[in-house]
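Visitor: Next come a sequence and a model predicted from it.
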Amino acid sequence: MPGVLGRAAHILPICCDSRATEGAVRSGQWSGRPGVWVRERTGHAQADSWRPPESAARRSTAAIATDAAAVRDLQRVAGNRAVTALVQRGKLVRKGSGRPAGARQAVAGRKSPARVAAPVLSDSLLPAREEGYLGNFSRIRRWHVNPPQRGLIIQEVTRTFTVVYWQGDTWASISGNALDEYAKHKINATENRYWELWTVDPTGEVGDGGLDAFGLASVIPSAGLKARLRAGLKPRPEASSLQYTSCGSFVIRGRARFFPTPARLTPRALGFRRSGVSSSNGLPSRMDDPAAIPAAAPREAVTYTVTAHWTSAGEAESSWYSRVSGRRA
């Protein structure tokens, strides 16, 4: 062994099992004393010899310098268990390294790439809200992307109107263009499905203030109420202008996902135009399903639904206010 046997040649010890002992006897090298069968290599030449035990070697911390080929030879002769024991005790080291023969060599200066968490889209409901007469309401949310990453938030919006109006002696259903003509406030009753878009920069800041607003104007035919609202007055018209006008419900549902986009991707490149849909409140939007959208982040969509109910059949003014509820998922 290097440092013990004092040889410069590559030395591979072979455990003293029955085969080793038999070989030593046949060669006349074994004197009956315990020993170690040793193979010495110098270049392509090799020689085997029987050496007496070195008790100091067992107590010494000196290790045997070897290479992959020598380890394989040792495994064939002594078995995997013996080789493993030598490695565990530090008696076999890789040539020129000082490391155990079974240890992996790390690449200098190279670090394992850090795992980056997938961005998560979430929302928070702002405290400001409105609940007015006969369908009127407002709910505002703020978007969050964490950890920050450049990308796009794309939300599919569906809107469902179920409305009846008073014809003088009975209630009748009304929808679509007819409902838009009836309601003097703009409610866009024909925009029942569309898509909205927000840009997100690498710091996580969401464009357009990062806000999303759901709402509806009052579903009434009163020009007098409209004039009061324009003048900034509190909407408290006379009973005759609200009672027996409309009853119904309105449901708006948004389903949003975050799409990482490493390269700058403009809304127009995806077919979105600012105020493309009137109900989007000025956001980049479109009426048809967008194409060529990059893969979404592997998370569930953020879903938010708001429902408003109203009636004008009651005599009490308090009964004309919208009853509004919101829920996620």
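Guide: Arrived safely, thanks for sending.
Visitor: list the contacts for Trp163?
Guide: Actually, residue 163 is Val rather than Trp. Ser173, Ile174, Ser175, Leu179, Val219, Ser246, Cys247, Gly248, Ser249, Phe250 (CB atoms under 8 Å, 6 or more residues apart in numbering). (C-beta placed from N, C-alpha, C; glycine too.)
Visitor: can you pull out the strands in the stretch 51-200 of the chain?
Guide: Using DSSP state E, counting those that start in this stretch, the strands found in the stretch 51-200 of the chain span residues 64-66, 92-94, 120-131, 137-146, 151-166, 171-174, 193-200.
Visitor: can you put those in JSON lines and add mean pLDDT?
Guide: Compiled in JSON lines, the strands of the stretch 51-200 of the chain are given as follows (pLDDT from 0 to 100):
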{"stretch": "strand 64-66", "mean pLDDT": "52"}
{"stretch": "strand 92-94", "mean pLDDT": "57"}
{"stretch": "strand 120-131", "mean pLDDT": "95"}
{"stretch": "strand 137-146", "mean pLDDT": "97"}
{"stretch": "strand 151-166", "mean pLDDT": "95"}
{"stretch": "strand 171-174", "mean pLDDT": "94"}
{"stretch": "strand 193-200", "mean pLDDT": "96"}
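Visitor: Same list, those strands, but as a markdown table with distance to Val324 please.
Guide: Formatted as a markdown table, those follow (distance: least, CB to CB, whole Å):
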| stretch | distance to Val324 |
| --- | --- |
| strand 64-66 | 79 |
| strand 92-94 | 73 |
| strand 120-131 | 5 |
| strand 137-146 | 5 |
| strand 151-166 | 15 |
| strand 171-174 | 21 |
| strand 193-200 | 21 |
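Visitor: closest one to Leu265 among those?
Guide: strand 151-166 (6.7 Å; CB to CB).
Visitor: So the chain: which segments form each domain?
Guide: Structurally, the chain divides into domains by automatic domain parsing as follows: 10-94, 120-328.
Visitor: between those domains, which gets the lowest average pLDDT?
Guide: Lowest mean pLDDT within the domains of the chain: domain 10-94, at a mean of 55.
Visitor: burial count for the nearest residue to His144 once chain neighbours are set aside?
Guide: With sequence-adjacent residues excluded and distances taken as CB to CB, 6 or more residues apart in numbering, His144 is closest to Ser122, at 4.8 Å. The local packing of Ser122 (other CB atoms under 10 Å) involves 14 other residues.
Visitor: Now for Ser122: which residues touch it?
Guide: Going by CB under 8 Å, 6+ apart, Ser122 touches Trp143, His144, Asn146, Val302.
Visitor: which of those are buried?
Guide: Buried members of the contacts of Ser122, counted by 16 or more other CB atoms under 10 Å: Trp143, His144, Val302.
Visitor: Please identify the helix or strand for Pro202.
Guide: If you go by DSSP states H and E, Pro202 is not part of any helix or strand.
Visitor: check contacts around it.
Guide: So Pro202 contacts Pro148, Gln149, Arg150 (CB under 8 Å, 6+ apart).
Visitor: ok, so of those, who is nearest Gly254?
Guide: Gln149 (21.2 Å).
Visitor: ok, the closest residue to the closest one other than its chain neighbours - how many residues close by?
Guide: With CB to CB, 6+ apart as the criterion, Gln149 has its nearest non-adjacent residue at 4.4 Å, and that residue is Pro119. Using other CB under 10 Å, Pro119 has 20 neighbouring residues.
Visitor: where do the helices sit along this structure?
Guide: In the chain, the helices defined using DSSP state H lie at 18-27, 55-59, 68-78, 80-88, 176-182, 223-230, 239-242.
Visitor: Please report the distance of the closest residue to Tyr194 other than its chain neighbours from Val145.
Guide: Excluding the flanking residues, the one nearest Tyr194 by CB to CB, 6+ apart is Val277, at 4.3 Å. The gap separating Val277 from Val145 is 23 Å, by CB to CB, to the nearest Å.
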